[in-house]
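Asks: Need a 3D model of the sequence below.
(2 chains)
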Amino acid sequence: KNEVEQSPQNLTAQEGEFITINCSYSVGISALHWLQQHPGGGIVSLFMLSSGKKKHGRLIATINIQEKHSSLHITASHPRDSAVYICAVVDPWGGSEKLVFGKGTKLTVNP
Amino acid sequence: GAVVSQHPSWVICKSGTSVKIECRSLDFQATTMFWYRQFPKQSLMLMATSNEGSKATYEQGVEKDKFLINHASLTLSTLTVTSAHPEDSSFYICSARKQGSSFDTQYFGPGTRLTVL
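Replies: Purely as a prediction, here's the structure:
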C-alpha cells in the first residue's frame, strides 16, 4: 500500500512570502495530483504531473520520480491562497484508478 | 475545462431518512465516477468506484446496502444514503474520469455536506 506523507501539516505565512509544501510517497506511481480545498470544502485540481515541472500563474509543482517526492510552490503568496493543499497519488498496485491521499497541509496567509 | 457538479451542496435530514446526492459531469462524458467521504480534519477516503452501466465497486468497510450508487448515464451518478444516522454526517465528494482520458485524470465535484440530526 502506498503511504503519502505531506509536510508541513500546518503553515502560516505573511502575504508575499514564498511557500513550499512537500509530498513524499513510498511506492512508485504513475501520476501525482495537487488539490486545493477551500474552507467551504470544495476541491479544485491544481496540477496532475508524472514528471518534471508544471507552472500555472503563481503556482509551481515539481516531481522527482526517483526520489518519490513532489513539491508545490506558491510565489508571492496572498491571503486568498489560504486553503488546505492535498497531495494524491495514483496507486498502480491497487488494481484500479484509486487515488491515495495525503492528510493535507493547511496554509494560512496573513495580510 | 472539465466541470463536475454536485447537488445538493448541503443537506440536513432527520435520522432514519434517505438522502440522494447527484454528481454530474457537465461538459464531458464520464465512464467512471468515484465517491469519497471526508470527516472533519481528515483526508478523503474512497467509498466506491462507479462505472456507467454496471455495479459499483465498494471499498472494504463500506456497506453497499447503505450507500447505494447508481451510474445510469455517462453524465450522472447518484449516491443514496439510506436510513441515515448521525454518524453518516460527513462531506461527500465525487470525481469523474473523462471518457477516453488516461486513468490518472480525475475531475472533482465541489462536495455535498450531509448533516443527520
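Asks: What parts of chain A come near chain B?
Replies: Chain A comes close to chain B at residues A:30-31, A:33, A:35, A:40-45, A:48, A:50, A:86, A:88, A:90, A:96-99, A:101-104, as judged by C-beta under 8 Å from any C-beta of the partner chain. Quick note: C-beta positions are derived from backbone N, CA and C, even for glycine.
Asks: The same query, at a cut-off of 6 Å, please.
Replies: Contact residues (C-beta under 6 Å from any C-beta of the partner chain) of chain A with chain B: A:Ser30, A:Ala31, A:Gly41, A:Gly42, A:Ile43, A:Ser45, A:Val90, A:Glu97, A:Lys98, A:Phe101, A:Lys103.
Asks: Pick out the lowest-pLDDT one from those.
Replies: Minimum pLDDT across these is recorded for A:Glu97, with 63.
Asks: Next SSE downstream of the least confident helix or strand in chain B by mean pLDDT?
Replies: In chain B, no helix or strand scores lower on mean pLDDT, DSSP states H and E than strand B:107-108, which sits at a mean of 87. Toward the C-terminal end, the helix or strand that comes next after strand B:107-108 (DSSP states H and E) is strand B:112-116.
Asks: So which of the residues of chain A next to chain B sit within strands?
Replies: Judged by DSSP state E, the residues of chain A next to chain B include A:Ile43, A:Ser45, A:Val90, A:Phe101 as members of strands.
Asks: hmm, back to that, how far off centre is the least confident helix or strand of chain B?
Replies: 11 Å (C-alpha atoms, centre = their mean, to the nearest Å).
Asks: Which strands border it, and is each parallel or antiparallel?
Replies: Strand B:107-108 has the following strand partners under DSSP bridges: strand B:90-98 (antiparallel).
Asks: now the partner strand: mean pLDDT?
Replies: Mean per-residue pLDDT for strand B:90-98: 91.
Asks: Using CSV, write out every CA atom in it.
Replies: Extracted C-alpha coordinates of strand B:90-98, given in CSV (Å, rounded to 0.1, in the frame of the first residue of the first chain):
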residue,chain,number,x,y,z
SER,B,90,-19.8,13.9,6.6
PHE,B,91,-18.6,15.7,3.5
TYR,B,92,-19.2,13.6,0.3
ILE,B,93,-17.2,14.4,-2.8
CYS,B,94,-17.4,12.8,-6.2
SER,B,95,-14.9,12.8,-9.0
ALA,B,96,-15.2,11.8,-12.6
ARG,B,97,-12.8,10.4,-15.2
LYS,B,98,-13.3,11.7,-18.7
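Asks: Which residues does that strand contact?
Replies: With C-beta atoms under 6 Å, 6 or more residues apart in numbering or on different chains as the test, strand B:90-98 has contacts from A:41, B:2, B:4, B:21, B:23, B:25, B:28, B:30, B:32-39, B:106-109, B:111-113.
Asks: now the angle between strand B:112-116 and it, please.
Replies: Here strand B:90-98 runs at 150 degrees with respect to strand B:112-116, directions being taken by axes from the mean of the first three to the mean of the last three C-alpha atoms, to 10 degrees.
Asks: count of neighbours near A:Ser26?
Replies: 13 (other C-beta atoms under 10 Å in any protein chain shown).
Asks: Against A:Ile86, how distant is the nearest residue to it once chain neighbours are set aside?
Replies: Take A:Ser26 and drop its neighbours on the chain: the residue closest to it by C-beta to C-beta, 6 or more residues apart in numbering or on different chains is A:Glu3, 4.4 Å away. Remark: distance between A:Glu3 and A:Ile86 (C-beta to C-beta, to the nearest Å) = 15 Å.
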